[in-house]
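> Dropping a prediction and its sequence here:
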Amino acid sequence: MQKVRPNDATEIGVALLGWYDAHARSMPWRTGPADLMRGLRPDPYRVWLSEVMLQQTTVAAVTGYFNRFTTRWPTVADLASAKDEEVMAEWAGLGYYARARNLLKCARAVVADHRGAFPAEPEMLLRLPGIGSYTAAAVASIAFNRPATVVDGNVERVIARLYAVETPLPNAKPALTVLATALTPRVRPGDHAQAMMDLGATICTPKNPGCGMCPLMAYCAAHSQGTAASFPRRREKPEKPTRQGLAYVALREDGALLLERRPDRGLLGGMLGFPGSDWAVFAPDPAPPVSGEWHPLAATVRHTFTHFHLSLAVLVAQVDKGANPERGQFMPMGAFRPSDLPTVMRKVLDVASKEFGLIERNDPQA
């Protein structure tokens, strides 16, 4: 592994910021270099919201969600006063639903404990619900210009190549953070952080890095070895297990669907969904949530979460208006949108719609 020398760190910082000033990506949550020159400062609320949304998600996927959130809840106080179910519905499809629950907890803590203003120091930010070291550093550096080191997947890749770090991820994370910290300047640290992330996202990409366009090419150990694409080193990932489960879709004769809200804790916590079984390698079949003539569909719903694949068998039934469910409640078609459901439950709805024609009646935009 190549060591960081003070002169190299200064030169790398200058080259990186020069490139960023010319090539910074335009994003709805970002205050660009030209805006900063005019004295405009980033809104901490928008920085925080974008960073939470961007965790394990792409900029392209997040942009629409961010715009809808900030239109509906333009300030942290607005978000803090929102109803939980409304926020969860707007979040549906972004995944990692614990983030949405922590989003509300954090917004409410900022309003209750900090008079609606995010603290500037990483140590204070870390005390807020749902804010870890990465988000605290990102908000402190980008929104408040504190010299905090921001290390995401893009930054890890840039640093691993720049210094030819042979230790595979995730073991290399501490060493990569030390190296990234040595490069973090006291002047424009927020721009430096965003420049590193932009470089990793647009040039120092996972496959086929564009080394010829990279402002750090002259300093890159992996490029000089001709091995840039092979970094960062990674341990072989274990194969994901497959879990099984059932989903029950009941359509009442008046057009209402049987839905339940999942417990706040756990996967898809607080989200609407169809009653069903636990998800396990060998899941027991629960009793149907309401009496009816249930029959299985030929189609199986398949979905992949971070740590496992899921295979759901779907059973459907049409029930009369007086049906009394033991789980969940019947919701009229106009009371929810398919887009309010998490992705796996939308897949369940999709296969059931071939039986009932649900989507056409429920969501003209689906």
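Received it, and whenever you're ready, just let me know what you need.
> List the residues that contact Met331.
256-259 (CB atoms under 8 Å, 6 or more residues apart in numbering). Placement of C-beta: from N, CA and C, glycine included.
> okay if I get these as a markdown table plus pLDDT?
Supplementary listing: the contacts of Met331 in a markdown table, determined by pLDDT from 0 to 100:
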| residue | pLDDT |
| --- | --- |
| Ala256 | 92 |
| Leu257 | 94 |
| Leu258 | 95 |
| Leu259 | 95 |
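> from those residues, which two are the most distant?
Greatest spatial distance among those (CB to CB): Ala256 and Leu259, at 9.1 Å.
> More neighbours: those two, which one.
Leu259 (23 against 19; other CB atoms under 10 Å).
> Please export the C-alpha coordinates of the host helix or strand of the more buried one as CSV.
When elements are assigned from DSSP states H and E, Leu259 belongs to strand 257-261. The C-alpha atoms that make up strand 257-261 are tabulated as CSV, following Å, rounded to 0.1, in the frame of the first residue of the first chain:
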residue,chain,number,x,y,z
LEU,A,257,-58.9,-5.4,-0.1
LEU,A,258,-57.7,-7.0,3.1
LEU,A,259,-54.5,-5.3,4.3
GLU,A,260,-52.5,-5.1,7.5
ARG,A,261,-49.8,-2.7,8.8
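> ok, Glu253 to Lys321 distance?
5 Å (CB to CB, to the nearest Å).
> part of a helix, is Arg161?
Yes. Looking at Arg161 with DSSP: H, G, I helix; E, B strand; the rest coil, it is inside a helix.
> where does stretch 268-275 sit relative to the chain's centre, distance-wise?
18 Å (CA atoms, centre = their mean, to the nearest Å).
> outside of it, which residues touch it?
Taking CB under 8 Å, 6+ apart as the rule, stretch 268-275 contacts 84-85, 88-89, 92, 97-98, 100-101, 247-249, 258-264, 289, 325, 327-328, 336, 340-342, 344-345, 348-349.
> re earlier: now for Ala256 and Leu259: what residues contact both?
By CB under 8 Å, 6+ apart, Ala256 and Leu259 have these common neighbours: 330-331.
> quick one: the helices in the stretch 1-150 of the chain?
Assigned by DSSP state H, counting those that start in this stretch, the stretch 1-150 of the chain shows helices spanning 6-23, 33-37, 44-54, 59-72, 76-80, 84-91, 98-114, 122-125, 133-138, 144.
> Average pLDDT for the longest one, rounded please.
It refers to helix 6-23. The predicted model assigns helix 6-23 a mean pLDDT of 90.
> I only care about the contacts of stretch 268-275 that end up buried; give me the ChimeraX line for that.
To isolate the buried members of these in ChimeraX, using 16 or more other CB atoms under 10 Å:
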select :88,89,92,97,100,101,247,248,249,258,259,260,261,262,289,325,327,328,336,340,341,342,344,345,348,349
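> Can you pull out the low-pLDDT segments for the stretch 1-150 of the chain?
1-7 (pLDDT under 70).
> so what's Leu16 up against?
Contacts of Leu16 (CB under 8 Å, 6+ apart): 192, 195-196, 199, 215-216.
> what do you get for Pro209?
161, 203, 228-229.
> From those residues, list the buried ones, please.
161, 203, 228.
> Please enumerate the strands of this structure.
Ranges of strands in the chain, per DSSP state E, are 242-252, 257-261, 272-273, 295-304, 309-319, 329-331.
> separation between the spatially most central residue of the chain and Val62?
Centroid-nearest residue in the chain, with CA atoms, centre = their mean: Gln55, separated by 3.9 Å. Separation of Gln55 from Val62 (CB to CB): 10 Å.
> if we can go back for a sec, closest one of the buried ones among the contacts of Pro209 to Thr10?
For the buried ones among the contacts of Pro209, the nearest to Thr10 is Arg161 (19.6 Å; CB to CB).
> Let me know the pLDDT of the nearest residue to that closest one once chain neighbours are set aside.
Setting aside the residues directly before and after it, Arg161 is nearest to Ala222 in space (CB to CB, 6 or more residues apart in numbering), at 4.0 Å. pLDDT recorded at Ala222 is 96.
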